[in-house]
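> Have a look at this prediction, sequence included:
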Amino acid sequence: MNILITGGAGYLGSVLIPKLLARGHKLRILDIGYFGVGHLRSLKPSVEIIREDIFRITYDSEFLNGLIKGVDCIVHLAAISNDPSAEISEDLTEKINFMSTVILAKAAYEKRIRFIFSSSCSVYGHAEDELDEEGPVNPMTVYASSKVKAETILKEMADSTWSPIILRNGTLFGYSPRMRFDLVVNIFSLYSTIYSTIKIFGDGLQWRPFLHVSDCARAFIHFIELPKPRYICYNIAHENLRIIDVAQVFKNINPSLHIEYLNLKDVDMRNYRVSTERMRVEGFKPRISIEQGAEEMIDAIISGLIPDPESIYYRNAKWLKELSRLATGSHAEIIKFMETIAHIRYNQP
C-alpha cells in the first residue's frame, strides 16, 4: 500500500514508520521538520520525505495534488500536538489542526483515499463516568477543541462510499526516536531517574487513559489494514489510571522515590476515563503496561540512549518558543537551524 503520513517525523510517526516498512508498505512523509527528520533518513528501505509546512495545502492546490498522487491511504498525524503548544498560538492551531485537516480530508474524499485521523481522548475533558465513543465531548483546551472541530467535519463528510477513521488516542508514553518529555509517564521516568523525585500538581486524583506509543503505532497499522471497520470513531487506550496510581508505579520501581504534591491556583480540571470495548471488538488489543513502559524509559535514560534528556528539545512547547527566538521565524531559517542540529546529533564521532 502507498501511504502518506503527515507529521511522520514526530513522536508517534517515528515509531509507526519502521513498523509500516517492515510490513512492506511504501511511505511518503510530510513534516515541517521543527524537531528534525535525521532519524528517518537512515531507514532501510528508505522513505520519501517532503519537508514542508502542511498549511501549504490550504492555498497551493498543485502541491496538494502532488502530495496525494498515487496514495492509497492518508495517515494524518500532523498537528500542534499538545495543550501547552496549542496555547502558544490559537491562530496557528486553528490553521494546522483544523483547516489543514479539512482540506486534506476533502482531497481524500474526492479521490476515495482511505483517511485515518489522529485525534485524542482529551476531547472528553471532564466526566465522572467511563465514556465510550458515543459519550459527550467536553473539550477544555485549545488543542482538544481543534480536534473536536475536525472530528465533526470528518463525520459529516462520511457517506456510503467513503468514511474516515478517527482514532482517539490515550495519553501516550514510552520510547521513540523522536523523544518527548512533556508527557506525564515520560516526565515521571526522567525525574524519578535523575532526581529520585517526582512532582504531582494538585491531588493527583485525575483519571487518564494511557497508551504506549508502540501500541498506538500498532493500532494505526491495524486500522490501516482493516478491510471494513464497523465504526468511524474509536477510543485507543490500554489502562485508565489516576495520576497518583502512575506515581505509585514509579514508587514500586524505586522505593526511595520522593513524591511531592504542589498546590496550584490553576488546577488541571481534566478528568476522564474511556471504554475501549469498540477497539477490542475490532480485534485490536494493546500489549504494554505503564510499568513495562516506565522500566523501558528508565533503562533508556540510564544507558544514555537518549542524549541530554533534560534538553528543551524534548519538550514541544519550550522548543517551539526557542526556535522562534533563535531564528527569524521564517521556515527557511528554522529548517537550516534544524539541519545543523541534525548534523550534530546524527554525525557525532
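Sure thing, it's come through. Please read these numbers as outputs of a predicted model, since none were measured by experiment.
> okay, CA-based contacts and neighbour counts for the rest of this
Will do.
> what's the distance between Tyr272 and Phe188?
Going from Tyr272 to Phe188 by Cα to Cα, to the nearest Å gives 20 Å.
> thought Ile301 was touching Pro309?
Yes. With contact defined as Cα atoms under 8 Å, Ile301 reaches Pro309; the gap is 7.1 Å.
> got any residues that touch both of those two?
Shared contacts of Ile301 and Pro309, defined by Cα atoms under 8 Å, 6 or more residues apart in numbering, are found at Leu190.
> By mean pLDDT, point me to the weakest helix or strand of this protein.
Lowest by mean pLDDT, DSSP states H and E among the helices and strands of the chain is helix 83-88, with a mean of 49.
> Check which helix or strand Ala150 maps to.
Element membership for Ala150 (DSSP states H and E) is helix 142-157.
> Can you report how many residues lie near Lys228?
8 (other Cα atoms under 10 Å).
> Give me the three-state assignment for it.
Following DSSP: H, G, I helix; E, B strand; the rest coil, we place Lys228 in the coil state.
> quick one, phi psi at it?
The phi and psi values for Lys228, taken as degrees, to the nearest 10, are phi -140, psi 90.
> what do you get for Phe220?
Dihedral angles for Phe220 - degrees, to the nearest 10 - are phi -60, psi -40.
> and the spatially closest residue to Pro209 that is not a sequence neighbour, what is it in contact with?
Leaving aside its sequence neighbours, Pro209 sits nearest to Asn240 (Cα to Cα, 6 or more residues apart in numbering; 4.2 Å). The contact partners of Asn240, taken as Cα under 8 Å, 6+ apart, are Trp207, Arg208, Pro209, Phe210, Arg273, Val274.
> Would you mind measuring from Thr236 to Val123?
Small correction: residue 236 is Ile, not Thr. Distance from Ile236 to Val123, by Cα to Cα: 13 Å.
> Between these two, which has more neighbouring residues?
Per other Cα under 10 Å, whichever of Ile236 and Val123 has more neighbours is Ile236, with 31 against 24.
> Would you agree the more buried one is in contact with Ala219?
Yes. Contact status for Ile236 versus Ala219: in contact at 7.4 Å, counting by Cα under 8 Å.
> Contact partners for Glu133?
Cys233, Tyr234, Asn235, Ser275.
> Out of those residues, which sit inside helices?
Within the contacts of Glu133, no residue falls in helices by DSSP state H.
> Could you provide these in a markdown table, with additional columns for pLDDT, distance to Glu151 and neighbour count?
A markdown table is the format used below for the contacts of Glu133 (pLDDT from 0 to 100; distance: Cα to Cα, whole Å; neighbours: other Cα atoms under 10 Å):
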| residue | pLDDT | distance to Glu151 | neighbour count |
| --- | --- | --- | --- |
| Cys233 | 98 | 9 | 22 |
| Tyr234 | 98 | 12 | 25 |
| Asn235 | 98 | 13 | 24 |
| Ser275 | 98 | 18 | 21 |
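> Out of those residues, which comes closest to Tyr314?
Asn235 (26.3 Å; Cα to Cα).
> measure that closest one to Leu241 for me?
15 Å.
> I'd like the contacts of Asn240 as JSON lines, with pLDDT, neighbour count and distance to Ala294 appended.
Listed next are those as JSON lines, based on pLDDT from 0 to 100; neighbours: other Cα atoms under 10 Å; distance: Cα to Cα, whole Å:
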{"residue": "Trp207", "pLDDT": "97", "neighbour count": "21", "distance to Ala294": "18"}
{"residue": "Arg208", "pLDDT": "97", "neighbour count": "22", "distance to Ala294": "16"}
{"residue": "Pro209", "pLDDT": "98", "neighbour count": "24", "distance to Ala294": "16"}
{"residue": "Phe210", "pLDDT": "98", "neighbour count": "26", "distance to Ala294": "12"}
{"residue": "Arg273", "pLDDT": "97", "neighbour count": "27", "distance to Ala294": "21"}
{"residue": "Val274", "pLDDT": "98", "neighbour count": "26", "distance to Ala294": "22"}
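> circling back: just the C-alpha atoms of the helix holding Ala150, please, in PDB.
Output of helix 142-157 as PDB, limited to C-alpha atoms (Å, rounded to 0.1, in the frame of the first residue of the first chain):
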ATOM      1  CA  VAL A 142      -7.500  24.900  22.500                       C
ATOM      2  CA  TYR A 143      -5.900  21.600  21.400                       C
ATOM      3  CA  ALA A 144      -8.900  19.500  22.300                       C
ATOM      4  CA  SER A 145     -11.300  21.900  20.800                       C
ATOM      5  CA  SER A 146      -9.400  21.800  17.500                       C
ATOM      6  CA  LYS A 147      -9.700  18.000  17.500                       C
ATOM      7  CA  VAL A 148     -13.500  18.100  18.200                       C
ATOM      8  CA  LYS A 149     -14.000  20.600  15.300                       C
ATOM      9  CA  ALA A 150     -12.000  18.400  12.900                       C
ATOM     10  CA  GLU A 151     -13.800  15.300  14.000                       C
ATOM     11  CA  THR A 152     -17.200  17.000  13.400                       C
ATOM     12  CA  ILE A 153     -16.400  17.800   9.800                       C
ATOM     13  CA  LEU A 154     -15.000  14.400   9.100                       C
ATOM     14  CA  LYS A 155     -18.100  12.700  10.400                       C
ATOM     15  CA  GLU A 156     -20.300  15.000   8.300                       C
ATOM     16  CA  MET A 157     -18.300  14.000   5.200                       C
END
